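Colleague: Predicted model and sequence follow; I will ask about them next.
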Amino acid sequence: MVFPGQGSQAPGMGKNLAENFPVARQVFEEADDALGFAISRLCFEGPAEDLQLTENTQPAILTVSVAAFRAMKEAGIEAPAFVAGHSLGEYSALVAAGTLSLSDAVRTVRARGQYMQEAVPVGTGAMAAVIGGELSEIERVCEEARASFSNSQVCSIANFNSPAQAVIAGNTEAVDRAIELLSGVAKRVIKLKVSAPFHCALMKPAQDRLAADLERLNFSEPAIPVVTNVDARPTTAPGELRDALVRQVSAPVRWLESMQLLMQEGVATFIEAGPGKVLSGLTRQTSREVKTLNVEDAASLEATRAALTTELV
């Protein structure tokens, strides 16, 4: 099972789950209590502008993802062989695996969102999605963009998403320079509407603040191996999982390697638990030979259960 990160949010998410599954409703109630305000209302009703604030987006997506996971469990879908989450989604994966409590996780990701937002003044950093183009060429372009500013600015790959997609991040001027240089390398480059340049060296102040918060949390041994973003390998060691969350803030998300590793381990079915189908799309870009399913409401849960039952017959 895989859990989405920032960008999958939309007003209305999770409402159908809460209406149809008591266990999902309990997840929203627990998150509301932990945060001291109704994140459930923000998920169900919006407004979109408030939901898009990083400090709200992160706990909102996590809550919907955990609600989807617990609804699946209640519906009789067996536990997965592995879990992984994209950036923020790694926290959802850790809750699903039993490493972190939901209350600790939602409070931590809300703080994580605030720290990331405050690490870089608005407008100072940028991100861009790079569609097509060899990863080695994209890395070379980032290096050239940094050299244009005598290496005084940051520009690096933030997300290795699929063979066809990467995301770069860094100082606005350096990212803009990289976008110019990528015109002959990639099919398309799209500057993203983000509030901060995630997963690059500019996030180090946020990483240091988050490390102190994570040190205070109880990390239990997971019941399911977790494939971490920073190392793209599975682990069940609580200390390694805590360390991976710290390093993840300023390090690239190695999603492509994570998915390739799981496929090498024999994983043939990927279920995306949470809002949207972003990760399902990335998985299909990586391999057409695996099955992708998603659960974000009662209808998709039933479709997933039916697909899994057919597989077993």
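Modeller: Ah, there it is. The structure displayed is predicted, hence computed values, not measured ones. Numbers count the residues shown, from 1 in each chain.
Colleague: where along the stretch 101-250 of the chain do the helices fall?
Modeller: 102-119, 135-147, 172-181, 204-215, 238-248 (DSSP state H, counting those that start in this stretch).
Colleague: Not counting its own residues, what contacts the third one?
Modeller: I take that to be helix 172-181. Outside helix 172-181, the residues that touch it by C-beta atoms under 8 Å, 6 or more residues apart in numbering are 123-128, 141-142, 144-146, 148-149, 153-155, 168-170, 189, 191, 197. (Each C-beta comes from the backbone N, C-alpha and C, glycine too.)
Colleague: please redo it, this time with the cut-off set to 6 Å
Modeller: The contact list for helix 172-181 (C-beta atoms under 6 Å, 6 or more residues apart in numbering) reads Ala126, Ala128, Val141, Cys142, Glu144, Ala145, Ser148, Phe149, Gln153, Cys155, Ile168, Val189.
Colleague: Quick one, which of the helices of the stretch 101-250 of the chain gets closest to Ser258.
Modeller: Among those, helix 238-248 comes nearest to Ser258, with 11.6 Å by C-beta to C-beta.
Colleague: Report the rounded mean pLDDT for that closest one.
Modeller: The average pLDDT for helix 238-248 rounds to 98.
Colleague: Residues touching it, excluding its own?
Modeller: By C-beta under 6 Å, 6+ apart, the residues outside helix 238-248 that reach it are Thr99, Ala211, Leu214, Phe219, Glu221, Thr228, Asn229, Val230.
Colleague: what's the neighbour count on the fifth one?
Modeller: By the other C-beta atoms under 10 Å criterion, the neighbourhood of Glu221 contains 11 residues.
Colleague: In contact with it, which residues are there?
Modeller: Glu221 makes contact with Thr236, Pro238, according to C-beta under 6 Å, 6+ apart.
Colleague: thinking Ser258 is in contact with Val227, fair?
Modeller: Yes: Ser258 is within contact range of Val227, at 4.9 Å (criterion: C-beta atoms under 6 Å).
Colleague: anything in contact with each of those two?
Modeller: Counting by C-beta under 6 Å, 6+ apart, the common neighbours of Ser258 and Val227 are Ala84.
Colleague: how much space between Phe28 and Leu62?
Modeller: Distance, Phe28 to Leu62, by C-beta to C-beta, to the nearest Å: 11 Å.
Colleague: Between these two, which has more neighbouring residues?
Modeller: Set Phe28 next to Leu62 and count neighbours by other C-beta under 10 Å: Leu62 wins out with 32 against 23.
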